[in-house]
Structure formats: structure tokens, C-alpha cells
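Visitor: here is the input, now give the coordinates:
(chains A, B and C)
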Amino acid sequence: MRVSAIGCTAVTASLLVALAACGGREAAAPSTAASGSGSGECQGQQTTGITDTSIKLGGIYPLSGPASAYGDIPKGIKAYFDYINAEKNGIGGRKVEFVVRDDGYQPPKAVEEARRLVEQEQVFALFQTLGTPSTTATWDYTNQQKVPQVFVATGASKWGSDTAHPWTIGWQPNYISEARVYAQYLKQERPDAKVAVLYQNDDFGKDLLGGFKKAIEGSKITVAAEQSYEVSDPSVDPQMRNLAGSKADVLLNITTPKFGSQALAADAKNTSWNPLHIVNNVAASITVLKPVGFPNVQGVVSSTYYKDPNDPKWKDDPEMMLYYAKMKQYAPDADPTVPYHTFGWAVASSFHKAMEAAKCPTREGLRDAMRALQNVQVDMLLPGVTLNTAADDGFPIESMQLMKFQGERWELFGDVIDTRKEFGPLTN
Amino acid sequence: MSGPAEVTEKAARAAAPTRGRSLARVATARRQWIVMAVLLAVACYAPFQLVPFRVFQLTMVLVYAVALLGLNLLVGHAGQISLGHGAFFAVGAYGSAIMIDRWDTPHLATLPVAAAVAFALGLALGLPAMRLRGLYLALVTLAIAIFLVPLLKRFEAVTGGSMGLTLGKPVPPAWTGLAEDQWLYFLALAVTVVAFLLAHGLLRSRVGRALHAVRDNEAAAEVMGVRLSFYKTLAFAWSAMFAGAAGCVYTWVIGFVSPDSFALTLSITLLASIVVGGLGSFSGPLLGGLFMMFVPSISQDVNDAAPGVIFGLLIIAVMYVAPTGLAGLAGRMTRSITKILRKE
Amino acid sequence: MAGFLQEIVEGLGAGAIYASLALALVLIYQFTGIVNFAQGELAMFSAYIAWQFMAAGLPFWLALVLTLAVSFVGGMLIERVVIRPVEGAPELTVVIVTVGLFIFVNAAAGWIWSFLIKDFPNPFPGGAIEAGGLSLGYSTLGIMAVVGVVMGLLYLLFQHTKVGLGMRAVASNPSSARLVGIRVGWTLALGWGLAATVGAVSGILVAPLLFLEPNMMGGVLIYAFAAATLGGFDSPVGAVVGGLVVGVAETLAGAYVGFIGSDLKVGVPLVIILFILLLRPQGLFGRAAVERA
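Guide: Numbers count the residues shown, from 1 in each chain, chains lettered A, B, ... in the order given. Predicted coordinates:
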């Protein structure tokens, strides 16, 4: 190989530029609460990224790549923070700055961005990393650095059950609890159901399917057929045909939005097989059902925990009215009827509550607060759904309510099911 | 296909005055070693000056550079296109991860095994694949890259399925006094240096000459007695080995492997990066690694609503400005600067 | 037995979708000698353009005609603006430019229309012909018919027109072609325009089945590559046959071979490609290239 001197020079130059740009390694002394401020118990705790007037948060979402649809969530979060900054003087007098970074749903990129946010942006906390792979790749780091990783946007059960990572906590109901809700519903409605399952072949699909299988143990409900698909598949039609061959009387549809639509459409098209169709919460948004055509999705069952912006039931709900008004004001380009924005709004106001509850305005204070939430009411969540955590319970939301699609919208039915009370704690 | 390296070489030859060629060559060789030494010194000094986040970024640049070095061997020197190098990267990453996970193998010990496994796999796949040329080989490798993801998910007992495997990171030995990120960086740097020396030696050997002959004119090479399929298969295997070694270091650095991290995007990004960096040149893999690491974040700084728009445009723009890659562009710039200086 | 035949029918339906995009790939390869990675994304973008026309209230068929026209002009523009500057560069440079284009178009579509799925009307009626326990959807039939017509037109274009001749000359040797008076630049632009138009047809056929979103064609592109390789990159008939074979093989393997199952069925095209290429490196219908060293 011809070692070109010129090439070497180029590399050296770029390295030098990189060097010069970064300057020397800073003395790694995280700022801590000054002895004067606050009461004695906050002394010596970390105050990086937080002052008396500001608080800096960082979030990591896929803004590019195949999972970009979730990139709408931070828009809802930003709208909420902009609103409280402008009209409510921030969280307890502290204006929130929310830095969003893109990881393209790639774990190595998520690690890089987490480090950037913590070390360069000097954020107070990571507020949401999206997706199980990205969160798994980053949580060792955040816990080592003792940076709170608050309300991660994934329903894997390990965020709550793991004890080695006290700085990380989930938010949404975990997939296993969701599976338990469906299992319980079937036990009442179709005690000897034969269930066909379509699931995404990744952590999310496996978690939900595994939870469901565990929950139906000992009952007469059986899984008659299961088919998986990859996110890179063009279509789930072949899988749906194979499932139809099982003649099961219930279809459990564990998919992400696009494949959810495809599966619903395939079910509607097949007139000789009409199972009870249960679609998981991830794919239960109106934006998934609408392209299939409302007449084709009547009677589909799902479950939820936050208010649907398309449901006329909440038309006069003060929180929903506020949401619509503030979205219009602070995120005029975003469509408020998209539930991802609502999700963002709900999780941001949950953070607001958790931060307010913190005894010390420090990272330790937030860590302790997020594991001591008791019946905290967040107005965008369904009535009866509250945030509850304890030192040994890292699952903030564990209540869901079933809903059935009727006409042009979801109709909630039954009571809010507190999965913790109903089924006992999660045991892995 | 005639590699862009040929173009650079020709240009370089044209630039050098004919009469004092041998003299100039000696001078260049000496200058090369000086530059290399300076480069290495800078590389060793950097982690003590940078924040851990930057050290991490540089570590990833080195990881990508090793993988790109392998790809450069295949694409730049042997003239074969692979769209599946993400798969060999994944094999190295998983090889290392499985050993650490199942048998608590020390991190460093996984490197030779991971590299060997990737080499063997490259050899096995190379045998049939190397009967194919250009486009067809590209498509077969593409299919391999796609197929690997569901395959990794299928053998859940070993690979951890779609959940992936979470692993501890190598602990810096106490005598070094290094922090974890610095230790990882030096490990990656060591692997990179060894890889570059290996590739350098390989290309100066019989194999390298045979490969260049194959790339420049397959038929003529064959007539001259070069066993085409043998050398092409060998190039494929070596190239897979470098990718595997890079994958292994990736596992040390990230501490987490999952099938969806090694999707087709990785393979395509690798190929794009080596072409952007510069095929067939020494600095191409490093420049490609820098591109792969930093350009996506730059894209996001420019347009955070749709980073892909900028990233796509930047790839196209680089290809306009430097059709033979950044290495070629750097060469052109240095030459024209020298020219200007000489005139004055 | 009826079940088996039904699976074959479904496989043919899936195969027709792959074939529709494979035709565009073959077309551009014929004109320019490169593989266009962005072909699927351009097809997706065309489908969005059609959707936009319909959202503005135009009837389907008018929107279709307009979209095809826009795609043709757009394809030519892309060649003139994006590809032209790297025309003389190594082949791989051009391929990487199409990768850049892929990423750009995908992100741009998401930026303009969001990543949420869109409803796309199906031009074909919903029902199915039922015969002997088999059911053949009208939309499957419709897709097959359209693909057949496009294939026929391309065959005529390649073999029986002066443009086709000139185009083959350009693809095989641009400088000689220029010497005999063919306007190489315009021929290349024409190739991009036509490929974009065929791609638009594919996008519009696919959108009602897979639902319109920016990543719609990603999965299809891989199978289309497989189809084009199988049939030979220089034969429209081959592309269609290749698409159908891939579709049927993949469907049958997913349905009947227990070990393969639906998760590993993506490996079937790999095995097919490998075998075909080992036996016939030029593909089923391709001509072996005779090279002068």
C-alpha cells in the first residue's frame, strides 16, 4: 500500500482540529450543592444542569431512520415546557431547557448522544430515551455517572424490576402488565379462547407475548398459532394468512403502527375468518385505524392509560382544552390530534410533578422523588390512573382501561384495572 | 472496475518530477514515517486532553476505521463490492459478546477468536461468492446482511435473541492509572495500529500485488498466472477478518449487542463511508471513520427536524467535490498548495 | 391441495409487487449501467405526490396521469442536477450518490408528510374471484395486469425502437455511442425519467396494500433486487419472472417449511440468488457479457 504523506497530513490535521476544538480535559469535578443553599440534607449532592432559575434536560429519540414516527413525542414535550416556561414561570421558578438528540434507533449512537448530553451539554437529567435497545445501551453509563434517566419511553419490564440501576425509571405501563390486562379480559369473555398471535420479532413483541403466555397459564385459554415479522418486512400478509389457517377465535395483534394497519386490513379482508381482534396499545392510535377504514375495525379491543385527543368524550376536559390551545400556540406546525404529541405532553407534565416533589433540587433529589410517587395525579392520564412508585417499585403507571372501537372512536369500557393490585407484583 | 486509487496514483506519479524519482521516493518514505510518528503521538496524547465524551467518539472512529480498512482491502484494492460488511462486523461483535457472556472470557482474549471466526466465515462465504463479479457479489452480500438479523434472533439461547446481550466493559489495569474511556481508547488504538500494519504488510506482499493485478485487469492477471478465485476469496476473508476485529472492539466499547444494531443500514453506511473517505488510500479508512462518526451529528445541528435530509445531501456533496473520496481531495489540495508555494 | 394452490396465488401476488419495482431497476440499469439504490424511495415519493393530488380533490385517474408526468420530469431533473456532476466518476461514486439520494428522499418525505401512515385508495375493486376453493383478489389481478403491460412496453422499447437501441449503445459504451451521434446526456436523462415513471407506477400499486409511509418501499427494494438479479439485470421479462419466483418461493417456504417459518423466510431469496448465480451468473434471462479485456 502506498502510504501517502498527504493523506497522513490530512488525518493529523483533522485530529489536531478536533483536539483544538475541545481544549483540555476539564477537571472532572461535578458541581455540588453549595453549603449555603438549602437545608443541610441537600449538601454535597449533584447540581449539574440546575440553577435557581433553570433546569436543563436532554432527550434521545429516533428523528431519522425506520422508527422516525416516534420523533413526534418530543414535540409534545417541548410544547408543554414552552408553555410552563412562558406562563407558569417554569417548574418552581426554574425555566426548562430541553435538548433533543437523534440516535436513529441505533444503540451506539444512543451511547454517544447520552455522553454528549451528560458531559458536553451538562444536562441535569436525561428525560426520556426511546426504545429498549437504546435505553439498555445507555443505562449502565447513566447509573455510573449518577445521572437520572427519567421516564424512559419503552415498556420493557426491566426498568422497574431491576435493582442495580436506581437512576433509571420507566413511565408507561410495561408490556407484561398490558398482556395481563388482555389475558384477564379473555378469561372473562372467552374463557376457552384459542388465540392466534402476530408479534414483532424484537424485545417489545417478545415481552408482550411472553407476558401473555404466562398470564394464561392455568386457564383454558391456549395460544393456537404464533407468527412473527421483522420490521424490515414489506408486509405481514403472509403471516396473517398462516394465522387465519389456525381458525383461532381471538387474534392478538402485537405490532407497531404500520404493521398494525396492515394486520387490521388483512383481518378485515378475510371474510371467512372473524376472530375477536385485540390490538396492543402501541398500535391502537387513531392514526393506525383510520387508514384501514373505520367500518373495517369495528369491535376491535385495546387498552390505554392516557386521554385520546380524538375522543369527543374529552372535548370539554380542561386539560385537553389546555393541550389543544397550547399546542396551537407553541407548536403550530404539529397536529394536536396525533397521540404521540399527547403522550409527550403527558410525560412532560409527569416530570413536572416529579420534579416538584423532589425535596432537594439535585440529581439525588430527583432520583429519590421519582421512586416515591404516591397517587400523583397527571391530568392527561385517564381518570383513576395515577403515578405510584416505591423504593422497590419502579413502575409509575400500572393501570390501564380496556376500550373497544365503535363508530369513529374508541369507547372505554369496564373499570380502570390496577394490574398491580389485580395480579400482584411482577416477577420475572 | 478500475479503482480510484489508480487515478490518484497516476496523478501522484505525474506530479513527481521524473528525474529524481528514486531520490524523491526515499525522501517521501522518510517523511511518511515522520508523519506517522507525529500522528501516533497525537493519538496517544489526545485522550489526556479531551473530555471522556470526545474520547469515546474517537474510540468509535477507530472502531469504524478498522472495519473500513477491511472494506478498503476488498473494494479499494481487490475491486469487489460488498454490501454486507455489517454482517462480518456483527459476527465479530457477537463472537466476542457470546464468549464474554457464556464463559467469562477475558475481553482481550476474545479478539483473536472473533477475528478468526470472521475470517473463517469470510472464507466459507467467499468460496461461492467470489465466482461472482461486481454487482452480483454486491447483491449476495446484501442478502447476507439482511439475513443475519433474523438468524441472530432465532438462536436465542446463544445470542440472547432480540433482547441482545449486555456485557461488562474491560476494566483498566490498576498500573495504568487510566480511566475506563481512556483504556478503551488505547485498546482500540492498539488494534487499529496492528490492523494498519497488517494491511500494509499484506498489500506489499505477493497477495497485494496479485490483488492489484486482478483489480486493474482481471484477464491479464489470469494470463500472467494469478489464480483469480484464490486471491479474491482470500481478499474477502481478510476483509471479513478486519470487520470482525472491529466488531469485537465495538462490543468492548458499547457493552451491548442486539441484532437490530447490525441492520442493513450499517453495511450501507460502511460502504458509503469508505467511498467518501477514499478507496485504495491509506488515510481513506480514517477519514471514512471520521465521516461516519461526526457527519450525522453535524447534520442534526444543521436541521434537527430532518437530519437525514442534510446527511443525504452531504454524501452527495462530498462525491461532487471529491469523486475519489476525501483522501483524494486532501491530496489534490496539498498538491495545488505546493504548486502555488513553488511559484512564489 | 387447495391451500397449497392458494399459497402459490398469494405468492404470485407478492411477486408482482416485487416485479413492479424490479422493472424500474432493470430499466435504469439498461440506460445507465448503474444500480439505483434510491429507486424505491423515488417510487415512494411519487406515491406521496399522487396522494397529495388526491388530497387536493383530484380524481384518482387524473392524479395518476399527473403523477406519472411529474415523476418523468422529476427523474430527468434528478439526472441533470444530481447525477450529471459525477457522470465521468468511477461507477461506485455514482452508486454512493444514489445512496445519498436514498437517505435524502426518505427524510424529505418524512419531513413534508410526517412518518404517520396515510390512507391510499385502491384503484381496483375489493372483491375476489372464487373458483374451486381458490380466491384470486381483483387487486392482485389488477397489479399483475399492470405489471404485464409495463413489461411488454419496456420489451418493445428495448428491442424495437431507436431510443432503445441508442440507450443500449450508451449503456455499453458511452464514448463510442457519442461518436456515432447519440446524445448521451439526454439518453441518460431519459433513462432516469422513464425509470422514475415506472417506479411511480410501482409506488401507486403498492401504496394501497402496504399503506403509504416513508419507509414503505424499503422492504420491497430488497426483494426487487433479488428479482432483478434472478432474472438478469438486462431483461424486463426476466425481472418479472424473477419477481414471481421470489414471491412464490418465499411464501411457500414461510408457510410450509417449519424450520424456516416467517422469521427466516427472508433467507429464501438469498439461497435462490446464490444458486442461480452459481449456475448462471448472468441470471435466468440475461445475456452473458462478452468482454474485451
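Visitor: identify the residues contacting A:Ser219.
Guide: Taking Cβ atoms under 8 Å, 6 or more residues apart in numbering or on different chains as the criterion, A:Ser219 is in contact with A:183, A:187, A:191. No exception for glycine: its C-beta is placed from N, CA and C like everyone else's.
Visitor: now the residue in chain B positioned nearest to chain A: phi and psi?
Guide: Nearest to chain A, among the residues of chain B, is B:Ser283, at 3.0 Å (Cβ to the nearest Cβ). Torsion angles at B:Ser283 (phi, psi; degrees, to the nearest 10) stand at phi -90, psi -10.
Visitor: okay, now it: neighbour count?
Guide: 29 (other Cβ atoms under 10 Å in any protein chain shown).
Visitor: my read: it touches B:Ala330, true?
Guide: Yes: using Cβ atoms under 8 Å, B:Ser283 is in contact with B:Ala330, at 7.1 Å.
Visitor: alongside chain C, which residues does the stretch 201-344 of chain B contribute?
Guide: Proximity of the stretch 201-344 of chain B to chain C, by Cβ under 8 Å from any Cβ of the partner chain, involves residues B:217-220, B:264, B:268, B:271-272, B:275-276, B:279, B:305-309, B:311-316, B:319-320, B:323-324.
Visitor: give me the nearest residue to A:Val111, chain neighbours excluded.
Guide: Distances taken as Cβ to Cβ, 6 or more residues apart in numbering or on different chains place A:Ala137 nearest to A:Val111, at 5.3 Å, with adjacent residues excluded.
Visitor: tell me which element that neighbour is part of?
Guide: Per DSSP states H and E: A:Ala137 is located in helix A:132-145.
Visitor: okay, buried residues for that helix please.
Guide: Residues A:132-143, A:145 are the ones in helix A:132-145 that count as buried (16 or more other Cβ atoms under 10 Å in any protein chain shown).
Visitor: output the residues you listed in JSON lines, with pLDDT appended to each entry.
Guide: Converted to JSON lines, those look like this (pLDDT from 0 to 100):
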{"residue": "A:Thr132", "pLDDT": "87"}
{"residue": "A:Pro133", "pLDDT": "87"}
{"residue": "A:Ser134", "pLDDT": "89"}
{"residue": "A:Thr135", "pLDDT": "91"}
{"residue": "A:Thr136", "pLDDT": "89"}
{"residue": "A:Ala137", "pLDDT": "89"}
{"residue": "A:Thr138", "pLDDT": "91"}
{"residue": "A:Trp139", "pLDDT": "88"}
{"residue": "A:Asp140", "pLDDT": "88"}
{"residue": "A:Tyr141", "pLDDT": "89"}
{"residue": "A:Thr142", "pLDDT": "91"}
{"residue": "A:Asn143", "pLDDT": "91"}
{"residue": "A:Gln145", "pLDDT": "88"}
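Visitor: if we can go back for a sec, could you list the paired strands of the following helix or strand past the helix holding A:Ala137 along with their orientation?
Guide: Remark: after helix A:132-145, the chain's next helix or strand is strand A:149-152, criterion DSSP H and E. According to DSSP bridges, strand A:149-152 forms sheet pairs with strand A:125-129 (parallel), strand A:168-170 (parallel).
Visitor: got the angle between the longest one and helix A:132-145?
Guide: Relative orientation of strand A:125-129 versus helix A:132-145 (axes from the mean of the first three to the mean of the last three Cα atoms, to 10 degrees): 170 degrees.
Visitor: what about the residue of the stretch 151-300 of chain B found nearest chain C, which helix or strand?
Guide: Closest to chain C within the stretch 151-300 of chain B is B:Ala219: 3.5 Å, counting by Cβ to the nearest Cβ. Under the criterion of DSSP H and E, B:Ala219 resides in helix B:218-223.
Visitor: for that helix, the averaged confidence score.
Guide: Averaging pLDDT along helix B:218-223 yields 74.
Visitor: ok, stretch C:89-104 next?
Guide: Here the average pLDDT along stretch C:89-104 is 86.
Visitor: any part of it near chain B?
Guide: Yes: Stretch C:89-104 is in contact with chain B by Cβ under 8 Å from any Cβ, via C:89-93, C:95-97, C:99-104.
Visitor: so where's the chain uncertain?
Guide: Reading this off chain A. A:1-40, A:424-428 (pLDDT under 70).
Visitor: my bad, chain C
Guide: In chain C (pLDDT under 70), the answer is C:1-2, C:258-262, C:281-293.
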